[in-house]
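[1] What shape does this take:
(one chain, ligands or ions: 3)
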Amino acid sequence: MEKSLGLEIIEVVEQAAIASARLMGKGLRNEADGVAVKAMRDRMNEIYMRGRIVIGEGERDDAPMLFIGEQVGICTQPNAAEMCSIDELIEIDIAVDPCEGTNLVAEGRQGSMAVLAISEKGGLLGAPDLYMKKLAAPPQAKGKVHIDYPATKNLQIIAECLDRAIEDLVVIVMKRDRHKDLISEIRSTGARVRFIDDGDISAALSAGINGTGVHALMGIGAAPEGVISAAALRCLGAHFQGQLIYDPDVVQTGLLKGTKAEIEEQLKAQGVEQPDKVWEAEELASGKNVLFAACGITDGDFIKGVRFFTGSARTETMVISSQSNTVRFVDTVHILDPAHHASLVI
Ligand SMILES: O=C(COP(=O)(O)O)[C@@H](O)[C@H](O)[C@H](O)[C@H](O)COP(=O)(O)O
Ligand SMILES: [Mn+2]
Ligand SMILES: [Mn+2]
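    Numbering: from 1, shown residues only. Ligands and ions are numbered 1, 2, ... in the order given. This next block holds a predicted model:
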């Protein structure tokens, strides 16, 4: 999978990031999202693969493309057998977030990325468009912390695993009313809180990578982003657990339709037998091979955002593969106008 798709998927996220970055800071949330979706879809449809979107952008944002179940890639065409090799005809599942952090892009703030995860068919959980309680932590704490433990206990464990004082820990929490008690508890331990407005995939990765200055992600974000985060953190050997949250009183956004009991019924009707289950990263992204790629739209903790020059653009992408056990940082100069080759600066 990595050999046939590695470079292609880098270009998929790069193209989405460049398109979206053009609209950075312009206050155009939906447009920044729309151009990223189009660029990602167009580039994916040039690849010799047979892909199925299991987590898309279309459903929640009512976007017309990259919806759940959409087929992408040349080998989804009716005459695929004539054009594609046996390997290319194997079905793969794809989870995408072409513009993760649309508000961040619109406001020119840090932490937005174009991101996707790929696995063999059935290798990525098709999470419902609900909320998810998340706990992400560095590899040293994997399996030692637990999403059911109070934040205080988890922070004591992380401090011990990292051999540092709790006061030296930084925890990312999304700035939401629902996190009021969580924030008070984290602060009471002496740990420090870094708020983000959006973009908890980037935050989960920051927590899972040593050297970012972030030691945990705690709180409730979106469930689809939880699956994509799990794909990356699983490959990194870091800790990630998620639990669906579907109680409107807990999420406090007014965005969930129906009561908790009604949503629970819907989930069971959709085949979610245990709506309150705690999911491990290896269950959310269970595939034998998982490939993850994220290209910065705006600057982040571990990758820079898109920079534009006269006739060129420069991107940074992180590619993680469970197949080769590699984490690659790909720094690419895109010559958009060949008349300006001289604009390449190192
Ligand atoms: O920030 C996010 C928004 O993603 P996108 O729509 O692709 O720009 C995600 O990282 C969050 O996980 C999530 O969508 C958010 O936490 C939802 O919470 P809320 O804003 O309170 O409804
Ligand atoms: Mn998102
Ligand atoms: Mn998005």
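
[2] how deep is the residue in the stretch 1-150 of the chain that ligand 1 sits nearest to tucked in, by neighbour count?
    In the stretch 1-150 of the chain, the residue that lies nearest ligand 1 is residue 102 (3.7 Å; C-beta to the nearest ligand atom). From N, CA and C alone the C-beta is placed, and that goes for glycine too. Residue 102: 26 surrounding residues under other C-beta atoms under 10 Å.

[3] Quick one: low-confidence residue ranges for the stretch 201-346 of the chain.
    Within the stretch 201-346 of the chain, the segments meeting pLDDT under 70 span 342-346.

[4] Show me where it has its helices.
    223-236, 248-251, 260-269, 281-284 (DSSP state H, counting those that start in this stretch).

[5] Does ligand 3 have contacts with the longest one?
    What that stands for is helix 223-236. No - Helix 223-236 is not in contact with ligand 3 by C-beta under 5 Å from the ion; minimum separation 8.2 Å.

[6] most tightly surrounded among the helices of the stretch 201-346 of the chain?
    Ranked by mean neighbour count, the helices of the stretch 201-346 of the chain are led by helix 223-236 with a mean of 28 (mean count of other C-beta atoms under 10 Å).

[7] Of all the helices of the stretch 201-346 of the chain, which one is nearest residue 306?
    Closest approach to residue 306 among these (C-beta to C-beta): helix 223-236, 19.9 Å.

[8] Same list (the helices of the stretch 201-346 of the chain) but as a markdown table, adding distance to ligand 2.
    Output for the helices of the stretch 201-346 of the chain, formatted as a markdown table (distance: least, C-beta to the ion, whole Å):
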| stretch | distance to ligand 2 |
| --- | --- |
| helix 223-236 | 5 |
| helix 248-251 | 16 |
| helix 260-269 | 20 |
| helix 281-284 | 15 |
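
[9] longest single helix anywhere in this protein?
    Ranked by residue count and defined by DSSP state H, the top helix of the chain is helix 2-21.

[10] Enumerate the positions of that one that are buried.
    Of the residues in helix 2-21, 2, 5-6, 8-21 count as buried by neighbour count, 16 or more other C-beta atoms under 10 Å.

[11] what's the answer for stretch 90-110, then?
    Those buried within stretch 90-110 under the rule 16+ other C-beta under 10 Å are 92-107, 109-110.

[12] re the thing from before, now, which of the buried residues of helix 2-21 lie close to ligand 3?
    Applying C-beta under 5 Å from the ion to the buried residues of helix 2-21, none is adjacent to ligand 3.

[13] Can you show me the strands along this protein?
    Assigned by DSSP state E, the chain shows strands spanning 50-55, 71-72, 91-100, 113-120, 131-137, 170-174, 192-196, 216-222, 239-245, 278-280, 290-296, 307-309, 312-321, 326-335.

[14] can you give me the offset of the second one from its chain's centre?
    The reference is to strand 71-72. 20 Å (C-alpha atoms, centre = their mean, to the nearest Å).

[15] for the third one, same thing?
    Mean C-alpha position of strand 91-100 versus that of the full chain (C-alpha atoms, centre = their mean) differs by 9 Å.

[16] For the stretch 51-200 of the chain, give me the ranges with low pLDDT.
    Using pLDDT under 70, the stretch 51-200 of the chain drops low at 58-64.

[17] How much space separates the closest residue to ligand 1 within it from residue 105?
    Proximity of the stretch 51-200 of the chain to ligand 1 (C-beta to the nearest ligand atom) peaks at residue 198, 3.1 Å away. The gap separating residue 198 from residue 105 is 10 Å, by C-beta to C-beta, to the nearest Å.

[18] Write out the residues of the stretch 201-346 of the chain neighbouring ligand 1.
    By C-beta under 6 Å from any ligand atom, the residues of the stretch 201-346 of the chain that approach ligand 1 are 201, 221, 222, 225, 253, 255.
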